[in-house]
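In: Please work out how this folds:
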Amino acid sequence: MNWQTVTKTIDLGDGKVISIETGKMARQADGAILLRMGKLALLATVVSSKEVREGQGFFPLSVDYQERFASTGRIPGSFQRREGRLGDHEILISRLVDRTIRPLFPDGYLNETQVIVTMLSADENIESDALAGFAASAALTISDIPFDGPISEVRVVRKEGAFIVNPYKEELEGVDMDIIMGATEENVMMVEGEMSECSEEDLVEAIKVGHEVIKQMCQVQNELRAEAGKEKREVIPVEIDEALMQQIADLAKEKIYEVAKSGSEKHERKEKFKAIEEEVVAHFEAQVEEGEEMDKALKSNVKEYFHKLEKKVIRTMILDEQVRLDGRALDEVRALNLEVDVVPSPHGCSLFCRGETQAFATVTLGSKLDEKLVDKASGLSKDRFLLHYNFLPFSTGEAKFLRSPGRREIGHGNLAMRSLKMVLPPDEENPYTIRIVSDILESNGSSSMATVCSGSMALMDAGVPIRTGVSGIAMGMISDGEKVAVLTDILGDEDHLGDMDFKVTGTKDGICAVQMDIKVDGLPYEVLTAALHQANAGRNHILNQMNEVIAEPREELKPHAPRIEMIHIGKEYIGAVIGTGGKVIQEIQKETNSTINIEEPESGDQATVTIYATDKDSIEKAKNWIKGIVAEPEVGEVYEAVVKSVMPYGAFVEFMPGKQGLLHISEISWKRLESMDDVLSEGEKVKVKLTGVDKRSGKFRLSRKVLMENPYGDSGDNDGGGDYRQNGGGGRDRGDRRGGNDRPRNRGDRNRNNNNNRYRN
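Out: Reported below is the predicted structural model:
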């Protein structure tokens, strides 16, 4: 079959050539694109229902990014051996695409729409996350689905002072800024990323660099649409009943304004607005003839227009009067109440309250065995720093079923995790697996930033040696094209009123992470920079109050927190520490009540041994045991040995962990011993001296008698006792003990006789 394909390419330099192709795969979708870069291949498909569901009042858009294990030549490790629900990694990429494209569907388009991006082939040196948005947008652009794009997404990193767009994986080592951004040709739509305490100006510069490349990617999509695009569906614009809108304004505008300006709390304000809405609805219901019901469409329009009016009144109040819903100034942070060590049992905890938002964070310290195993298409990996965010229904006064974390919870937790990991000690200095759990107990704006603050304090309370504290703040912006109001520490009600909302986290020295969603066209970079500086002031205000509660990590862990120590041993000793079938390491763990993990070095000759226990004594006991196993015995040193077994010719003793030798009967006492009866017993402790090591066999020569006073002086007259094995002290020689000439005098004689007999036969 001859495929009718159309392909466009874009060269980003440095061998980074991206192609987008349509016409070969998934031809029954409304739009399908195969994106290639190197060995990477992403299939993006879009489908939208032809009709709107009856009663549909919102735009049902779903975006899913998924990775096929076959793309890397792997079979899933799950029990079913097939891909399951999307992993956190896939969900986070899905969110990046969703947040960029969602605002670009026209108002009034309510057809159910699904975007699916599938990784068919992976490239070990190319990240797919930034390219998923490019592929999805291209599929939407050539489809008949109404879409005010195209858009694209790119990754921008800074390495050694230079910006790199869509870097290879090998280029990510050593970067101090890593962001993914999405934009149209004209406007930036979304920014998310992490950085090592950069300045506001550096972040804006990175956005500018990325936007220039996105413009080229959008032009390529327009070229593809010109050759292979479908005619867009007609969208019937939603008509506004201006007369009805005016009636509602006459009834409710002043009342809404009074409530908005009253500075009342969340629930009180919500109830007052609800009461005004019910009054307006009742006004129109009163006009219906008796015995009839109010038209459903009219009732729906009345409620919709009321909320539009409510939004307009509040926005105008903020822009014109610089007054906010709770009475604060535009740059004012709500009252803070902070506490650490709230409850006794966690290894660290804190309670962070900012206005009507409250986060309770706990820290748990675990061993390397507690690491999270992540099974992705790209391979298995492990996470030693975990942050789980839980948005509990009672935090907003609602009764709902408790469910597993949704995409919002995963996204918020990821943002907080990326913020706090920037101040963690390096892995080689931190032996712990760290888990933070943030439970949102109250919510009225930016619980994710409350999680960052409470998580930072909980880490310090746990004694984790983080470099410094991290705070975060949520910002909003409202603009009418002429006036601009930037809001610090936005409320939940202010979150969806504005044209931009963004979250910024950082230390006193700079930004650690950022997440922006921009809904307004033509946002000047100067305004963005000013907004980031206002966020900086808010962050530092919060951080200063956090420092008044706890400014540095505790010097000691909590008494009930586990202790972990790391020691290094030569990799040739790994087998000795583990023992045959794990016998030695299991004995150490059992006797010391500890957990031990050994990591072989990827390079070099030193292995890392991590010892995990609940008290210092157990740690020391296990550590000394292991050190004893790997220590080299020194000739001339005296050791306290333990008798392991008794034989007729002496006793085998362990004088160092894992080091045993024969204490011969002749070396036990200066007095000659006829037998081992009642001389030594198993488990008995005895001091011995290492007198030598046999060069051939490596066996240890041990003596007890040399530590005793010789009752015979230097004459050696000890009745032949003791040193006959070494032919000393006047004792019998080896020939005497063997019975003189009854046996062949040497091995050669025996061999000669045997050979003669063989030849005779």
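In: Please verify my assumption that residue 391 contacts residue 440.
Out: Yes - if you go by C-beta atoms under 8 Å, residue 391 and residue 440 touch, sitting 5.0 Å apart. Backbone N, C-alpha and C define where each C-beta goes, glycine included.
In: out of the two, which sits in the more crowded spot?
Out: Taking neighbours as other C-beta atoms under 10 Å, residue 391 and residue 440 compare with residue 440 leading, 24 against 18.
In: need the longest helix for the chain.
Out: If you go by DSSP state H, the chain has its longest helix at helix 200-228.
In: Following element in sequence after it, please.
Out: Where DSSP states H and E defines the elements, the next helix or strand beyond helix 200-228 is helix 242-261.
In: Tell me the first helix or strand C-terminal of that next one.
Out: Under the assignment DSSP H and E, the closest C-terminal helix or strand after helix 242-261 is helix 266-285.
In: for that following helix, which positions count as buried?
Out: Across helix 266-285, burial judged by 16 or more other C-beta atoms under 10 Å covers 266, 269, 272, 273, 276, 277, 280, 281, 284.
In: Show the contacting residues for the residue lying closest to the last one once chain neighbours are set aside.
Out: Spelled out, that is residue 284. Using C-beta to C-beta, 6 or more residues apart in numbering and skipping residues adjacent in sequence, the residue nearest residue 284 is residue 302, 5.6 Å away. Contact analysis of residue 302 by C-beta atoms under 8 Å, 6 or more residues apart in numbering lists 244, 248, 280, 281, 284.
In: Of all pairs in those, which one is the farthest apart?
Out: 244 and 281 (12.4 Å; C-beta to C-beta).
In: Tell me where the stretch 501-650 of the chain has strands.
Out: With strands called from DSSP state E, counting those that start in this stretch, the stretch 501-650 of the chain shows them at 510-518, 563-570, 595-599, 606-613, 638-647, 650-656.
In: For residue 79, give its distance to residue 577.
Out: Residue 79 sits 34 Å away from residue 577 when distances are taken as C-beta to C-beta, to the nearest Å.
In: neighbour-wise, which of these two wins?
Out: residue 577 (20 against 7).
In: bridging residues for residue 486?
Out: residue 477 (DSSP bridges).
In: of all the contacts of residue 302, which comes closest to residue 645?
Out: residue 281 (93.4 Å).
In: Closest one of the buried residues of helix 266-285 to residue 488?
Out: Taking those together and measuring to residue 488 by C-beta to C-beta, the closest member is residue 266, at 17.6 Å.
In: ok, and the closest non-adjacent residue to that closest one?
Out: Residue 266 sits nearest to residue 444 (C-beta to C-beta, 6+ apart), 4.9 Å away.
In: same deal with residue 700?
Out: residue 661 (3.4 Å).
In: so how far is residue 177 from that neighbour?
Out: Distance, residue 661 to residue 177, using C-beta to C-beta: 60 Å.
In: Then residue 405?
Out: 28 Å.
In: quick one, which of the two is more surrounded?
Out: The neighbour count for residue 405 versus residue 177, taken as other C-beta under 10 Å, is higher for residue 177 (20 against 16).
In: what sits against the more buried one?
Out: By C-beta under 8 Å, 6+ apart, the contact list for residue 177 reads 156, 157, 158, 193, 194, 195, 196, 198, 202, 203, 206.
In: is it true that the last one touches residue 155?
Out: Read that as residue 206. No - under the criterion of C-beta under 8 Å, residue 206 makes no contact with residue 155, lying 10.3 Å away.
In: hmm, which helix or strand of the chain has the shakiest average pLDDT?
Out: helix 734-737 (a mean of 38; mean pLDDT, DSSP states H and E).
In: circling back to that earlier point, pick the one among the contacts of residue 177 closest to residue 127.
Out: Nearest to residue 127 out of the contacts of residue 177 is residue 157 (C-beta to C-beta; 10.4 Å).
In: list the contacts for residue 634?
Out: With contacts defined as C-beta under 8 Å, 6+ apart, the neighbours of residue 634 are residue 690.
In: Kindly state the pLDDT recorded for it?
Out: Looking at residue 634, its pLDDT stands at 85.
In: do residue 234 as well
Out: Looking at residue 234, its pLDDT is 91.
In: on that earlier part again, could you check how many residues crowd around the residue nearest to residue 700?
Out: Neighbouring residues of residue 661 were enumerated by other C-beta under 10 Å; the total is 22.
In: what's the answer for residue 611, then?
Out: Counted with other C-beta under 10 Å, residues neighbouring residue 611 total 26.
In: For it, give its distance to residue 566.
Out: Separation of residue 611 from residue 566 (C-beta to C-beta): 8 Å.
In: With residue 174 instead?
Out: Using C-beta to C-beta, residue 174 is found at 25 Å from residue 566.
In: So which of these two has more stuff around it?
Out: Using other C-beta under 10 Å as the criterion, residue 174 and residue 566 rank with residue 566 on top: 16 against 8.
In: Now the residue lying closest to residue 126 once chain neighbours are set aside. Its backbone dihedrals?
Out: Using C-beta to C-beta, 6+ apart and skipping residues adjacent in sequence, the residue nearest residue 126 is residue 40, 4.7 Å away. Reported as degrees, to the nearest 10, the phi and psi values for residue 40 are phi -70, psi 140.
In: Tell me which stretches of the stretch 301-450 of the chain form helices.
Out: Per DSSP state H, counting those that start in this stretch, the stretch 301-450 of the chain carries helices over the ranges 407-420, 447-462.
In: Point out the one among those helices that comes closest to residue 432.
Out: That would be helix 447-462 among the helices of the stretch 301-450 of the chain, by C-beta to C-beta, at 9.2 Å.
In: Export only the CA atoms of the closest one, formatted as CSV.
Out: In CSV, the C-alpha atoms belonging to helix 447-462 read as follows (Å, rounded to 0.1, in the frame of the first residue of the first chain):
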residue,chain,number,x,y,z
SER,A,447,-1.8,23.8,49.9
SER,A,448,1.2,22.7,47.7
MET,A,449,3.2,25.7,48.9
ALA,A,450,2.1,25.0,52.5
THR,A,451,3.5,21.5,51.9
VAL,A,452,6.9,22.9,50.9
CYS,A,453,7.1,25.0,54.1
SER,A,454,5.8,22.3,56.5
GLY,A,455,8.1,19.7,54.8
SER,A,456,11.1,21.9,55.2
MET,A,457,10.5,22.4,59.0
ALA,A,458,9.7,18.7,59.5
LEU,A,459,13.0,17.8,57.9
MET,A,460,14.8,20.1,60.3
ASP,A,461,12.8,18.7,63.2
ALA,A,462,13.9,15.2,62.2
